[in-house]
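S.K.: Prediction below, plus the sequence it came from.
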There are 2 protein chains.
Amino acid sequence: MSGSGLRVALVGATGAVGTEMLRQLRKRSFPAAATVPFASERSAGRKLEGATEPVRALTEGAEVSGFDVALFSAGATRSRAWAPLFRDAGAVVVDNSSAFRMDPDVPLVVSEVNPEALDGHAGIVANPNCTTMACMLPLKALDTAFGLREMVATSFQAAGGAGQQGIDELQGQFGALLDEPGLLVTDGARAAAKATPSVHARTLALNVVPLLGTLDEEGYSDEERKLVNESRKILALPELRVSPTCVRVPVMVGHSIELRASFADRVDAASARAAMEGFPGLVLDDVPTPLEYAGRDEVAVGRIRSDIGDPRALNLFVVGDNLLKGAALNTVQIAEVLHARGLLGSRARAA
Amino acid sequence: MSGSGLRVALVGATGAVGTEMLRQLRKRSFPAAATVPFASERSAGRKLEGATEPVRALTEGAEVSGFDVALFSAGATRSRAWAPLFRDAGAVVVDNSSAFRMDPDVPLVVSEVNPEALDGHAGIVANPNCTTMACMLPLKALDTAFGLREMVATSFQAAGGAGQQGIDELQGQFGALLDEPGLLVTDGARAAAKATPSVHARTLALNVVPLLGTLDEEGYSDEERKLVNESRKILALPELRVSPTCVRVPVMVGHSIELRASFADRVDAASARAAMEGFPGLVLDDVPTPLEYAGRDEVAVGRIRSDIGDPRALNLFVVGDNLLKGAALNTVQIAEVLHARGLLGSRARAA
């Protein structure tokens, strides 16, 4: 094993997030001596730009030892099956799925928000849900200054949150719908029937779909529960009240979230702006839009308004690229922090 | 003047809402003896389907007398100039613009919600803003049952809220953006620059734009202020707390609003459903989407959830066609109620 660089496994390397992780590792000059991609059997042997070896098949008997860090983005089922194996073989796993996020032994980390949580890791670290991620940057800054008590969060989530297939489905629907634009006004249900969905819950092009994932008995979606539970864990506010609504919108990449946040202390737009200004990874923009932040590392916050009537509340609009800060970028940033704090590699070297 | 039917003036008859008003008058068999369209000079003489005379130019000296009712949808400036003239000549004006909505002498009416407000009219009645309109049906039902105290409202407003030009601008942007889909992921700002906006505040196709209209000193848009002030007036709840955020989405027609509503009494999803079931003009739909309600008269409410943690709050998602119940339909319904209550025509007949 190289003494001068890290050996990185990338599990789910051919997906949208995996591809972006590879790009981020190079772009950020991550100190990798080797970057080894893993994917399903049908991709085995493929050469990926930035990888130092061809794709290895993630099948029984795959060699999982010899890594300092393993970045996972292959879905919760594969994470549950494979992450413990990579960990037991000496790697620290940074997992982008929901598999371990709520495990009390697994730090759930936004690199600028709660990096200290990494210190107690036991070999697996979780990367938050993309929508939660974007909210955490402004909310951490505001919580520090004013004491966050409650948030009403309404998301506008891009098709890309459902992976490349989510993007492809949206893109493929425009032709049929725009072909007969009058129908979009006079009989939208008939227009929708021309582009039936399989990835998204309803036709997404020229529409808004207030359902992501499946509903529990109380009528909340799993996506909405993630926003509640992950926010509480990342901000270390177990009593935080969250009213979540997650909505899919016809945007390719880039999630937006409208937040009404309530605090212990008095707050106004000017003091909120001052509290968020300069927070790492966060930019202030009067009217941020997801399209304009697609491809950008920063999360943007704008439309910052003192509440009408409640001197302890604020309204704000947050935008972030769900593939970058919402997924691949934060995963790589976690690996960077682990490395900087000396929390990587010791197991691998000891192996 | 005919004794057996009403004489109707339609001001702004060639616009998107005006065209729909003409259609609604016929569809609903409004008892009109004559329907006289008014529009700008360049449309003068045009014959419109359903009108009983060619378009009259709305220019100085135009004949404004002889009408029982005048339906206006020609923008606030024209309403301010012309509505008093039609009224003084004997018509009851039902105005779809924002010009008179907050005038204490002008009833602001959603036909199923507060028709009783029409009884005190002084010749001008206002039709609410389209976003406010859709919210009023479920909120009236819930207020009656549980006592509404606060709402956090986040809108998803269609391009058609900005008229036909808003629809045209959105439709025209897809070609340039979908032509190079990779750019939507890697450099959205450059993609947006390929379709610069003039009607909407930012490029709207494949985007979400959290700004409608202009901002006041506190950072709220006029669209957001309408939601606050009109809701208070229609529901007769002057102390109602409203946190509004209005966002434009790439949908042709059909507004959606996510509401977190808080009440004086305890509430849950089941009792809320029971309270809204059967409210006129309102349907319950688990996952309502704006595209599927485009062209439909009903407002739909769904995603009804007991709040997580607050036994006096609810989350719900409301959808409605902004050209129908949000504008033309409600205007015609107001005229119907005025007629049914004997509040139309007397002035005209006395003239």
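M.R.: Sure thing, it's come through. The shown structure was predicted, so the numbers you read here are calculated from the model rather than taken from an experiment.

S.K.: Run through the strands of chain A in chain order.
M.R.: For chain A, the strands defined by DSSP state E occupy A:6-11, A:32-39, A:56-57, A:69-72, A:92-95, A:124-126, A:148-157, A:241-248, A:255-263, A:282-284, A:299-306, A:313-320.

S.K.: Against which helices or strands is the first one packed?
M.R.: Contact analysis of strand A:6-11 by 3 or more C-beta pairs under 8 Å, 6 or more residues apart in numbering or on different chains; DSSP states H and E lists helix A:16-27, strand A:32-39, strand A:69-72, helix A:76-88 as its packing neighbours. Any C-beta I mention is one placed from the backbone N, CA and C, and that applies to glycine too.

S.K.: for the third one, what is the average pLDDT?
M.R.: Yep, that's strand A:69-72 we're talking about. Average pLDDT, strand A:69-72: 98.

S.K.: so where is the stretch 251-351 of chain A shaky, pLDDT-wise?
M.R.: For the stretch 251-351 of chain A, applying pLDDT under 70 flags the ranges A:345-351.

S.K.: In it, what residue lies closest to chain B?
M.R.: Residue of the stretch 251-351 of chain A nearest chain B, by C-beta to the nearest C-beta: A:A294 (2.9 Å).

S.K.: for A:S262, what are its contacts?
M.R.: A:S262 makes contact with A:148-151, A:310, A:312-313, according to C-beta atoms under 8 Å, 6 or more residues apart in numbering or on different chains.

S.K.: Break chain A down into its structural domains.
M.R.: A:6-127+A:328-350, A:132-322 (automatic domain parsing).

S.K.: For those domains, give me a markdown table that also has distance to B:A62.
M.R.: What follows is those, written out as a markdown table (distance: least, C-beta to C-beta, whole Å):
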| stretch | distance to B:A62 |
| --- | --- |
| domain A:6-127+A:328-350 | 60 |
| domain A:132-322 | 30 |
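
S.K.: contacting residues around the residue nearest to A:G160 when sequence neighbours are not counted?
M.R.: Distances taken as C-beta to C-beta, 6 or more residues apart in numbering or on different chains put A:V253 closest to A:G160, at 4.1 Å, once the chain neighbours are dropped. By C-beta under 8 Å, 6+ apart, the contact set of A:V253 is A:158-160, A:167, A:290, A:294-295, A:321-323, B:184-185, B:188.

S.K.: So which of those residues are in helices?
M.R.: If you go by DSSP state H, those have A:167, A:290, B:184-185, B:188 in helices.

S.K.: By neighbours, which of those wins?
M.R.: Greatest neighbour count in those, by other C-beta atoms under 10 Å in any protein chain shown, goes to A:P290: 29 neighbours.

S.K.: residues contacting that residue?
M.R.: Counting by C-beta under 8 Å, 6+ apart, A:P290 touches A:156, A:158, A:251, A:253-256, A:319, A:321, B:188, B:207-208.

S.K.: what about burial for those residues, which qualify?
M.R.: For these, a burial check counting by 16 or more other C-beta atoms under 10 Å in any protein chain shown picks out A:156, A:158, A:251, A:253-256, A:319, A:321, B:188, B:207-208.

S.K.: neighbours around the closest residue to A:L344 other than its chain neighbours, how many?
M.R.: Closest residue to A:L344 apart from its sequence neighbours, by C-beta to C-beta, 6+ apart: A:L338 at 4.5 Å. Neighbours of A:L338 under the rule other C-beta under 10 Å: 25.

S.K.: who touches A:L338 in this structure?
M.R.: Taking C-beta under 8 Å, 6+ apart as the criterion, A:L338 is in contact with A:69, A:92, A:94, A:118, A:121, A:125, A:344.

S.K.: Next, name the residue at the spatial heart of chain A.
M.R.: A:C130 (2.5 Å; C-alpha atoms, centre = their mean).

S.K.: how far away is that residue from A:A328?
M.R.: To A:A328, A:C130 is 10 Å away according to C-beta to C-beta, to the nearest Å.

S.K.: Ok, A:R341 next?
M.R.: 21 Å.

S.K.: neighbour-wise, which of the two wins?
M.R.: Between A:R341 and A:A328, counted using other C-beta under 10 Å, the more crowded position is A:A328 (27 against 13).

S.K.: State the number of residues packed around the residue nearest to A:V113 when sequence neighbours are not counted.
M.R.: Nearest residue to A:V113, sequence neighbours excluded (C-beta to C-beta, 6+ apart): A:K140, at 4.4 Å. By other C-beta under 10 Å, 21 other residues sit near A:K140.

S.K.: picking up where we left off before, taking the strands of chain A together, which one is wrapped up most tightly?
M.R.: With neighbours taken as mean count of other C-beta atoms under 10 Å in any protein chain shown, the strands of chain A reach their highest mean count in strand A:69-72, at a mean of 30.

S.K.: centre of the chain versus that one, how much separation?
M.R.: For strand A:69-72, the separation from the chain centroid amounts to 15 Å (computed by C-alpha atoms, centre = their mean, to the nearest Å).

S.K.: who does it pair up with?
M.R.: Note on strand A:69-72: by DSSP bridges, its sheet partners are strand A:6-11 (parallel), strand A:92-95 (parallel).

S.K.: related to what we said a few turns ago, what's the burial count for the residue of the stretch 251-351 of chain A closest to chain B?
M.R.: Every residue meeting other C-beta under 10 Å relative to A:A294 is counted, giving 31.

S.K.: Tell me if I'm right that it and B:R190 touch.
M.R.: No: with contact defined as C-beta atoms under 8 Å, A:A294 does not reach B:R190; the gap is 9.7 Å.

S.K.: mind listing the helices in the stretch 101-250 of chain A by residue range?
M.R.: With DSSP state H, counting those that start in this stretch as the criterion, the stretch 101-250 of chain A has helices at A:130-146, A:163-178, A:183-186, A:188-193, A:222-234.

S.K.: what's the closest of those helices to A:V11?
M.R.: Across these, A:V11 has its closest neighbour in helix A:163-178 (15.1 Å, C-beta to C-beta).

S.K.: Since that was my last question, I'll sign off now.
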